[in-house]
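**Q** what follows is a protein structure lacking sequence information:
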């Protein structure tokens with residue numbers, strides 16, 4: 001038995017839109033206004049989503065239950081596991097004594113925190129996003145900044161803001177591949193257009209990060225380094241996305257920016273600062289970085305499409321009973337009634353989290369930790385993160401219920417009624433999609449075809465609007481509920497999620513609006 005999504009269940013689109021927003025509004029009301037723990041807030045939003053799916057949208061109970069269960073499975077394997085593995089890796093580095101070497105190696109480049117945040121959160125974080133994504137950049141970079149002496153709250157917010165511009169090509173280019181798959185547009189064209197939209201943001205992001213830490217005077221004291229890091233990243237991001245393949249955009253841009261920064265800091269330092277002495281030789285520094293280097297290599301290798309295929313087994317891709325291909329996406333979201341797949345992918349070996357956990361075990365043994373000691377570190381990490389894992393389960397369950405019931409789509413359709421200003425608001429549609437689904441790829445899967453159909457109806461370049469979806473979406477990454485939980489867990493800020501959300505929201509909406517203006521300019525030029 002199939003069930004067709006209804007995008008105006010109340011017969012009046014503003015009312016249907018308002019009702020569809022209730023689950024997310026409930027989550028943030030309980031979190032921000034009532035100041036409850038994040039798992040309680042997520043549970044409240046999830047229950048509202050289930051209630052609306054059953055009553056207002058008339059989704060069959062079996063399908064609602066299946067969507068909830070699929071969300072729980074996805075949340076554990078794709079989000080929770082990378083958090084546990086990343087914090088496990090961090091604890092292994094700390095307990096083995098190598099994290100001190102890592103800190104001192106960064107400090108030997110610069111003891112200036114304004115520059116350390118660029119090296120770690122921007123350059124290293126972008127590399128982690130490109131290799132695997134999935135929460136690792138925020139979790140690992142956040143832990144790293146705390147180790148360097150940053151206050152935990154500041155570390156969380158800085159890493160969330162830094163993890164923006166690289167997201168469109170995260171996980172070896174997965175969001176662009178998903179966008180090409182759902183729209184039927186050429187992957188190279190989508191990557192190139194995205195590479196026209198995002199480099200200006202990449203160029204100013206280091207300046208934006210440092211300005212969020214200090215005043216303008218202190219920011220301008222390090223402007224040469226900010227220019228080197230931002231412009232080098234932006235130039236390579238533009239070049240690689242336009243003239244090379246899509247999978248390595250983030251990785252190459254991050255490495256290029258990091259190397260440029262390292263070379264520049266060898267010949268320049270902020271006025272009045274003293275370059276700390278180098279305490280360790282190259283071999284000791286390499287050993288100190290080994291947990292994160294091994295993790296990065298394993299994430300990258302296992303993330304390559306050909307390797308992913310070898311590590312993934314069709315027998316572990318389980319159709320969700322009563323849900324798989326039973327929900328029909330309807331026009332204008334799809335060209336015709338289209339079954340929505342619902343596959344629980346439990347290919348554990350192929351996950352970035354497994355690569356990180358394996359790196360922690362292997363390097364832990366090599367660095368002299370006993371097997372029982374490593375096991376104890378893992379159990380300690382799991383206990384520490386248990387409230388965050390519960391929150392993730394409810395949040396992703398909420399996202400999947402709103403997706404399969406059509407609530408996400410109702411919200412998106414409301415933005416298509418904005419006429420000639422659609423290029424701006426279509427960009428915000430991508431931003432909203434990531435805020436709701438937690439991933440840029442998820443937003444592209446949800447709204448990619450809608451962007452193409454609407455653009456064609458309005459006489460706008462469809463490649464531009466589909467690229468706008470993924471470009472605007474990157475600015476929603478810092479405020480989606482899963483990212484907030486990752487940041488709070490990684491920086492030991494459990495219970496402080498509401499404050500983190502409020503701190504990064506203004507950055508998110510302003511940066512998304514800047515992207516919207518860039519898209520508007522392109523839309524006027526490309527008509």
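**A** Yes, it's here. Since this is a predicted model, take the numbers as computed values, not measurements.

**Q** any idea of the pLDDT on residue 307?
**A** As summarised for this prediction, residue 307 has a pLDDT of 84.

**Q** remind me, longest helix of the chain?
**A** The residue-count maximum for a helix in the chain (DSSP state H) belongs to helix 371-405.

**Q** list the buried ones in it?
**A** 374, 377-378, 381, 385, 387-405 (16 or more other Cβ atoms under 10 Å). C-beta: built from backbone N, CA, C; applies to glycine.

**Q** next structured bit after it?
**A** Per DSSP states H and E, the first helix or strand lying C-terminal to helix 371-405 is helix 407-415.

**Q** and for residue 32, the neighbour number?
**A** 16 (other Cβ atoms under 10 Å).

**Q** how close does it sit to residue 500?
**A** For residue 32, the distance to residue 500 (Cβ to Cβ, to the nearest Å) stands at 11 Å.

**Q** what's in contact with stretch 449-456?
**A** Stretch 449-456 is contacted from outside by 182-185, 332-335, 409, 412-413, 416, 422, 426, 429-430, 461-462, 464-466, 468-469, using Cβ atoms under 8 Å, 6 or more residues apart in numbering.

**Q** pLDDT weak spots in the stretch 351-500 of the chain?
**A** Along the stretch 351-500 of the chain, segments meeting pLDDT under 70 span 437, 446.

**Q** about what we covered before: off-centre distance for the longest helix of the chain?
**A** Averaging C-alpha positions (Cα atoms, centre = their mean, to the nearest Å) puts helix 371-405 17 Å from its chain's average.

**Q** by contact count, what packs against that helix?
**A** Helices and strands touching helix 371-405, by 3 or more Cβ pairs under 8 Å, 6 or more residues apart in numbering; DSSP states H and E, are helix 22-28, helix 38-55, helix 61-74, helix 81-95, helix 352-366, helix 407-415, helix 422-437, helix 481-490.

**Q** quick check: which of these is buried the most?
**A** helix 481-490 (a mean of 29; mean count of other Cβ atoms under 10 Å).

**Q** for that one, packing partners?
**A** helix 38-55, helix 81-95, helix 136-147, helix 152-162, helix 371-405, helix 497-525.

**Q** give me that answer again for 7 Å
**A** helix 81-95, helix 136-147, helix 152-162, helix 371-405, helix 497-525 (3 or more Cβ pairs under 7 Å, 6 or more residues apart in numbering; DSSP states H and E).

**Q** quick one: closest of these to residue 439.
**A** Ranking those by proximity to residue 439 (Cβ to Cβ) places helix 371-405 first, at 9.4 Å.

**Q** quick check: angle from that closest one to helix 481-490?
**A** Computed by axes from the mean of the first three to the mean of the last three Cα atoms, to 10 degrees, the angle separating helix 371-405 from helix 481-490 equals 160 degrees.

**Q** nearest spatial neighbour of residue 511, skipping sequence neighbours?
**A** residue 475 (4.6 Å; Cβ to Cβ, 6 or more residues apart in numbering).

**Q** surely residue 322 touches residue 63?
**A** Yes - at 6.1 Å, residue 322 and residue 63 qualify as touching, with contact defined as Cβ atoms under 7 Å.

**Q** re the thing from before, can you put the helices and strands packed on helix 481-490 in a markdown table and add distance to residue 435?
**A** Formatted as a markdown table, these follow (distance: least, Cβ to Cβ, whole Å):
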| stretch | distance to residue 435 |
| --- | --- |
| helix 81-95 | 19 |
| helix 136-147 | 15 |
| helix 152-162 | 12 |
| helix 371-405 | 10 |
| helix 497-525 | 8 |
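
**Q** looking at the helices and strands packed on helix 371-405, which is closest to residue 223?
**A** Using Cβ to Cβ, the helices and strands packed on helix 371-405 put helix 481-490 closest to residue 223, at 27.4 Å.

**Q** next, the angle helix 38-55 makes with that closest one.
**A** Using the same axes, to 10 degrees: helix 481-490 against helix 38-55 is 160 degrees.

**Q** other residues contacting helix 481-490?
**A** 27, 38, 42, 79, 83, 86-87, 135, 138-139, 142-143, 156, 159-160, 385, 388, 391-392, 395-396, 438, 477, 494, 496-497, 500-501 (Cβ atoms under 7 Å, 6 or more residues apart in numbering).

**Q** 8 Å instead?
**A** With Cβ under 8 Å, 6+ apart as the criterion, helix 481-490 contacts 27, 38, 42, 75, 79, 83, 86-87, 90, 135, 138-140, 142-143, 156-157, 159-160, 163, 384-385, 388, 391-392, 395-396, 438, 477, 493-497, 500-501.

**Q** name the residues of stretch 6-25 that come out as buried.
**A** By neighbour count on 16+ other Cβ under 10 Å, the buried set for stretch 6-25 is 6, 7, 9, 10, 16, 17, 19, 20, 21, 22, 23, 24.

**Q** the last one: what's it in contact with?
**A** With Cβ under 8 Å, 6+ apart as the criterion, the residues that contact residue 24 are 45, 398, 402, 435, 436.

**Q** switch the cut-off to 7 Å
**A** Neighbours of residue 24 in contact, by Cβ under 7 Å, 6+ apart: 45, 436.

**Q** check what pLDDT it gets.
**A** 80.

**Q** distance of it from residue 63?
**A** 21 Å.

**Q** okay, now the unreliable bits of the stretch 1-150 of the chain?
**A** 79, 132-134.

**Q** returning to that earlier point: let's have the buried residues of stretch 6-25 in CSV, adding distance to residue 197.
**A** Below are the buried residues of stretch 6-25 laid out as CSV (distance: Cβ to Cβ, whole Å):
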residue, distance to residue 197
6, 33
7, 28
9, 34
10, 36
16, 31
17, 27
19, 33
20, 28
21, 27
22, 32
23, 30
24, 26
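
**Q** wait, which of the residues you listed is closest to residue 204?
**A** Using Cβ to Cβ, the buried residues of stretch 6-25 come closest to residue 204 at residue 24, 29.1 Å.

**Q** secondary structure element holding the residue nearest to residue 325 when sequence neighbours are not counted?
**A** What sits nearest to residue 325 in space, not counting adjacent residues and going by Cβ to Cβ, 6+ apart, is residue 339, at 3.8 Å. Assigned by DSSP H and E, residue 339 belongs to strand 338-340.

**Q** partners of the helix or strand following that strand in the sheet?
**A** Toward the C-terminal end, the helix or strand that comes next after strand 338-340 (DSSP H and E) is strand 343-345. Strand pairing for strand 343-345, determined by DSSP bridges: strand 317-319 (antiparallel).

**Q** just the mean pLDDT for the partner strand, thanks.
**A** Computed over strand 317-319, the average pLDDT equals 89.

**Q** quick one: distance of it to the chain centre.
**A** 25 Å.

**Q** next: stretch 287-299.
**A** Distance, stretch centre to chain centre, for stretch 287-299: 21 Å (Cα atoms, centre = their mean).

**Q** for that stretch, give me every contacting residue.
**A** Contacts for stretch 287-299 (Cβ under 7 Å, 6+ apart): 89, 92-93, 98, 101-102, 105, 127-128, 131-132, 140, 352, 355-356, 358-360, 362-363.

**Q** cool, stretch 212-230 as well?
**A** 112, 114-115, 117-118, 122-123, 161, 202-207, 210-211, 257, 260-261, 264-265, 268, 270-271, 507.
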